[in-house]
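Engineer: my questions concern the predicted model and sequence given below.
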Amino acid sequence: MIKTRTEAWLVIYAIACGAVERGRHYMDVYPGWSGWMLAIACTGVVFLAGARLLDSVRAPAPAVIAGPFAAPSRRRQPAGRSRPRHLPLDRAARRSLTRRRD
């Protein structure tokens, strides 16, 4: 079981060494374009596996976030579809249709 980021980096290094060796083998067995593509695929897997390993051992978030500002005393209400976000200030802005004909 991998518990720390240092252990994850060591496992990633081992995976990378194996992937490079496997890529060299593919380049020997399949000369030309196909060997290069298989070697690149082998080394590309290291990035995917390494990202997954590092994400799995991420440090937990702190329970209480301390900052220089006090927490807001009242929580804002979420704006939904039935609640308008911005009310117009004057009557002309309230009317969506005008009687003007051009």
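Structural biologist: Good, I have the coordinates. Quick caveat: nothing in here was measured; it's all calculated off a predicted structure.
Engineer: host element of Met53?
Structural biologist: For the record, residue 53 is Leu, not Met. Assigned by DSSP states H and E, Leu53 belongs to helix 33-56.
Engineer: elements contacting that helix?
Structural biologist: helix 5-29 (3 or more CB pairs under 8 Å, 6 or more residues apart in numbering; DSSP states H and E). The way it works is simple: take the backbone N, C-alpha and C, and place the C-beta from them, glycine included.
Engineer: any idea how far Ile12 is from Phe47?
Structural biologist: Look at Ile12 and Phe47: by CB to CB, to the nearest Å, they are 9 Å apart.
Engineer: was I right about Ser56 contacting Met1?
Structural biologist: No: if you go by CB atoms under 8 Å, Ser56 and Met1 don't touch, sitting 10.3 Å apart.
Engineer: of these two, who's got more company?
Structural biologist: Ser56 (9 against 4; other CB atoms under 10 Å).
Engineer: quick one, phi psi at the nearest residue to the more buried one once chain neighbours are set aside?
Structural biologist: The shortest distance from Ser56 to any non-neighbouring residue, by CB to CB, 6 or more residues apart in numbering, is to Ile2 (7.2 Å). Backbone geometry at Ile2, expressed as degrees, to the nearest 10, gives phi -90, psi 120.
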